[in-house]
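Novice: How does the following fold in three dimensions:
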Amino acid sequence: MSKSFSDLGINQQLLQSLADLNISVPTDIQEKTIPILLQKKEDVVALAKTGTGKTAAFGLPLLQLIDTKNNEVQALVLAPTRELGQQIYSNLISFAIYNPAISIASVCGGIPIKPQIERLKEATHIIVATPGRLIDLVKREAISIKKIKYLVLDEADEMVSALQKDLDTLATEIPKSRRTLLFTATMPGTVKQLVQNYMSKHVVHLEADMAQMGHQGIDHKYVVVEPIEKLEVLLHFLNSKEGDRGIIFCKTKAAVNKLAKKLAINKFSSGAIHGSLSQGIRDRIMGQYREGFIDILVATDLAARGIDVKETSFVVNYHLPDTYEAYVHRSGRTARAGATGLSLSIIQKEERVDIPEFEKELGLVFHEVKKQDDENREETNLVLWAKKIFKTKPNRTISADTKEKIRTIFHHLTKEELMEKVLSEHIGQQGALNTNVETPLKDKE
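Specialist: I've put the predicted structure just below:
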């Protein structure tokens with residue numbers, strides 16, 4: 001039988017906030033971590049898949065352990081990206097709603113630093129930060145982390161690979177007596193090295209939900225295509241998921257921009273996020289996605305870190321990631337909080353050999369799906385074409401006289417007859433285009 005948060009030692013104020021948030025049953029990582037953090041003194045390494053409630057696993061105990069009579073910074077939570085940092089900050093604020101004496105601040109990069117400096121002049125107990133911005137604030141003497149009692153490294157597998165130098169710098173500012181809590185979805189060699197370098201010899205290791213590394217609730221699939229078919233297959237898939245929200249992952253910023261333009265041309269409700277965009281633009285697009293104003297995000301791996309949207313029903317690997325850990329983080333954007341989801345990889349023939357390696361390394365089973373045959377593909381293309389026309393804005397530059405002449409030509413046709421003629425014309429044009437491109441393609445072969 002599952003334990004309750006009360007059984008784990010959570011106090012009444014936090015229990016009330018959890019009730020308001022409709023959180024009643026602890027997840028596996030929460031059930032294993034919370035009592036250890038509350039009752040023991042050792043450092044902790046917690047290995048758990050994304051979407052299992054890791055923020056509450058460390059956030060609830062931290063809030064309970066804070067001494068509100070002490071106005072110094074007592075806990076520091078480091079996250080690899082501002083998006084994840086903001087997510088953690090928002091969660092902590094919601095958990096602490098009945099603990100008004102606890103002061104929490106977010107000091108992440110990508111936004112003006114002066115308001116953060118002003119905020120830190122107030123008493124602050126918990127800081128959520130990205131390493132780069134925190135270092136900047138420490139150098140400006142706007143903040144002191146020399147007396148913190150708790151250091152949390154969230155998504156450590158991402159942070160250690162991208163921000164190793166920043167972590168080394170911060171290590172000189174943090175007291176050796178602190179308690180370090182490391183949370184990660186994967187355990188590559190770089191994280192093991194981090195544990196050896198920055199944590200005590202007596203570390204409590206916890207694992208939760210790791211027997212099925214592929215995330216319960218996620219269906220892992222792949223489809224093999226020719227390079228020239230890749231975009232078309234993606235568009236067909238997105239057409240089948242109309243109304244659902246999802247994230248498409250590309251390897252590079254240039255690929256993200258290119259694909260986002262293709263989706264826009266085809267009238268899909270989408271937005272792009274990557275590290276070269278300003279934080280304001282990234283926040284705006286993320287807000288549109290969270291609120292459901294756009295259905296599709298095209299993103300690089302790091303830019304998508306911290307996306308915790310329960311309604312994300314699928315992810316697409318438009319390019320396979322370079323590491324197994326990256327695949328875990330990508331697929332973990334769907335099937336959040338007990339929901340189900342789909343992770344689809346669109347691969348080329350030479351990449352098929354990589355699938356068994358992913359299965360072996362991550363303990364997954366991938367199912368191959370076949371691309372549509374020629375007849376079904378043509379039918380789907382016609383539907384996509386029709387949707388594109390439907391979403392096209394009217395051209396206001398055509399003169400009223402010209403419109404009237406065209407209206408006179410069409411006026412005796414019914415809507416059904418006009419549709420049939422337009423459809424026939426479109427099919428004829430596509431056939432002509434296909435005929436024209438056949439010879440060059442064969443010459444290249």
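
Novice: Okay, now the unreliable bits of the protein?
Specialist: Within the chain, the segments meeting pLDDT under 70 span 1-2, 161-163, 209-216, 303-306, 337-338, 372-377, 379-381, 384, 430-445.

Novice: Check the offset of the helix or strand hosting Ile29 from the chain's centre.
Specialist: Per DSSP states H and E: Ile29 is located in helix 28-39. From the chain centre to the centre of helix 28-39 is a distance of 25 Å (C-alpha atoms, centre = their mean, to the nearest Å).

Novice: Give the other helices and strands that it contacts.
Specialist: Contacting helix 28-39 under the criterion 3 or more C-beta pairs under 8 Å, 6 or more residues apart in numbering; DSSP states H and E are the following elements: strand 43-48, helix 54-65, strand 203-208. In short, each C-beta sits where N, CA and C put it, glycine included.

Novice: tell me the most buried of these?
Specialist: Among the helices and strands packed on helix 28-39, helix 54-65 has the highest mean neighbour count (mean count of other C-beta atoms under 10 Å), at a mean of 24.

Novice: After it, heading C-terminal, what element do we hit next?
Specialist: Moving toward the C-terminus from helix 54-65, the next element (DSSP H and E) is strand 75-78.

Novice: and that next one, what does it pack onto?
Specialist: Strand 75-78 sits against helix 54-65, helix 82-95, strand 126-129, helix 131-139, strand 150-153, with contacts defined as 3+ C-beta pairs under 8 Å, 6+ apart.

Novice: 6 Å instead, please
Specialist: With contacts defined as 3 or more C-beta pairs under 6 Å, 6 or more residues apart in numbering; DSSP states H and E, the packing partners of strand 75-78 are strand 126-129, strand 150-153.

Novice: want to try TSV for these, with mean neighbour count as columns?
Specialist: Formatted as TSV, the entries for the helices and strands packed on strand 75-78 read as follows, by neighbours: other C-beta atoms under 10 Å:
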stretch	mean neighbour count
strand 126-129	26
strand 150-153	24
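
Novice: how about the ones you listed in JSON lines, adding distance to Glu232?
Specialist: As requested, the helices and strands packed on strand 75-78 are arranged in JSON lines below (distance: least, C-beta to C-beta, whole Å):
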{"stretch": "strand 126-129", "distance to Glu232": "43"}
{"stretch": "strand 150-153", "distance to Glu232": "42"}
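
Novice: Pro35 is nearest to which of these?
Specialist: Counting by C-beta to C-beta, Pro35 lies closest to strand 150-153 out of the helices and strands packed on strand 75-78; the figure is 16.1 Å.

Novice: contacts for the helix or strand following the closest one?
Specialist: Tracing the chain C-terminally past strand 150-153 and defining elements by DSSP H and E, one meets helix 156-162 next. With C-beta atoms under 6 Å, 6 or more residues apart in numbering as the contact definition, helix 156-162 has outside contacts at 80, 182, 184, 186, 188, 190-191, 194, 305, 325.

Novice: Next: stretch 34-47.
Specialist: Residues from elsewhere that reach stretch 34-47, judged by C-beta under 6 Å, 6+ apart: 8-9, 33, 61, 180-184, 187, 195, 199-200, 202-207, 210.

Novice: run the last query once more with 7 Å
Specialist: Residues from elsewhere that reach stretch 34-47, judged by C-beta atoms under 7 Å, 6 or more residues apart in numbering: 8-10, 29, 33, 57-58, 60-61, 64, 179-184, 187, 195, 199-200, 202-207, 210.

Novice: Stretch 411-418 now?
Specialist: The list of residues contacting stretch 411-418 from outside it, by C-beta under 7 Å, 6+ apart, reads Phe410.

Novice: and if you look at stretch 324-342?
Specialist: Outside stretch 324-342, the residues that reach it (C-beta under 7 Å, 6+ apart) are 49-51, 157-158, 185-186, 188, 213, 215, 217-221, 247, 249, 301, 304-305, 307-308, 310, 312-315, 317, 321, 343, 358, 361-362.

Novice: can you put the helices and strands packed on helix 28-39 in CSV and add distance to Val73?
Specialist: Output for the helices and strands packed on helix 28-39, formatted as CSV (distance: least, C-beta to C-beta, whole Å):
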stretch, distance to Val73
strand 43-48, 19
helix 54-65, 12
strand 203-208, 24
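
Novice: right, so of these, which gets closest to Lys349?
Specialist: strand 43-48 (34.8 Å).

Novice: now that closest one: how far from the chain's centre is it?
Specialist: 21 Å.

Novice: between that strand and helix 54-65, how many degrees?
Specialist: For strand 43-48 and helix 54-65, the angle between their directions (axes from the mean of the first three to the mean of the last three C-alpha atoms, to 10 degrees) works out to 150 degrees.

Novice: Quickly run through the sheet partners of strand 43-48, with directions.
Specialist: Strand 43-48 has its sheet partners listed here by DSSP bridges as strand 179-184 (parallel), strand 203-208 (parallel).

Novice: Let me see the ranges of the helices in the stretch 151-300 of the chain.
Specialist: Counting by DSSP state H, counting those that start in this stretch, residue ranges of the helices within the stretch 151-300 of the chain are 156-162, 164-171, 189-198, 230-240, 253-265, 279-290.

Novice: Make JSON lines from the ones you listed and add distance to Lys349 and mean neighbour count to it.
Specialist: JSON lines is the format used below for those (distance: least, C-beta to C-beta, whole Å; neighbours: other C-beta atoms under 10 Å):
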{"stretch": "helix 156-162", "distance to Lys349": "30", "mean neighbour count": "23"}
{"stretch": "helix 164-171", "distance to Lys349": "36", "mean neighbour count": "15"}
{"stretch": "helix 189-198", "distance to Lys349": "31", "mean neighbour count": "15"}
{"stretch": "helix 230-240", "distance to Lys349": "12", "mean neighbour count": "18"}
{"stretch": "helix 253-265", "distance to Lys349": "20", "mean neighbour count": "17"}
{"stretch": "helix 279-290", "distance to Lys349": "33", "mean neighbour count": "17"}
